[in-house]
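J.: What follows is a predicted structure for the sequence shown.
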Amino acid sequence: MFHLAMLYLGLPGPSELYVVLAVIVLLFGAKKIPELARSMGAGINQFKKGLNDPDPDDPKALGKGDSTHALSEKQGGSEKS
């Protein structure tokens with residue numbers, strides 16, 4: 001039959017989390033951890049901002065593409081002169 005312990009088979013328990021925390025403190029030191037967390041948060045914020053803001057060098061992202069080319073595509077192709 002199905003045991004409840006099998007549900008939590010892959011999740012780390014509190015003892016494993018304490019060991020990971022102790023290793024992090026030993027590697028970086030207690031004074032360095034807030035600085036690392038702050039820099040990680042700033043990096044995540046910059047990444048999210050980059051996803052939401054269009055690239056100022058890309059005219060298609062800003063909606064300033066070649067309007068004649070877009071118009072000819074809407075009309076069904078290029079015109080022959």
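T.: Structure's in. What do you need?
J.: Quick check: closest non-adjacent residue to Ile24.
T.: Spatial nearest neighbour of Ile24, excluding adjacent residues (CB to CB, 6 or more residues apart in numbering): Ile33 at 6.9 Å. Glycine gets a C-beta too; all of them are placed from N, C-alpha and C.
J.: The one you found and Gln46, how far apart?
T.: Per CB to CB, to the nearest Å, Ile33 is found 21 Å from Gln46.
J.: Next: Glu16.
T.: Separation of Glu16 from Gln46 (CB to CB): 31 Å.
J.: about what we covered before: give me the neighbour count for the residue nearest to Ile24.
T.: By the measure other CB atoms under 10 Å, the count of residues near Ile33 is 14.
J.: what's the pLDDT at it?
T.: Per-residue pLDDT puts Ile33 at 88.
J.: isn't it right up against Leu27?
T.: No: if you go by CB atoms under 8 Å, Ile33 and Leu27 don't touch, sitting 9.7 Å apart.
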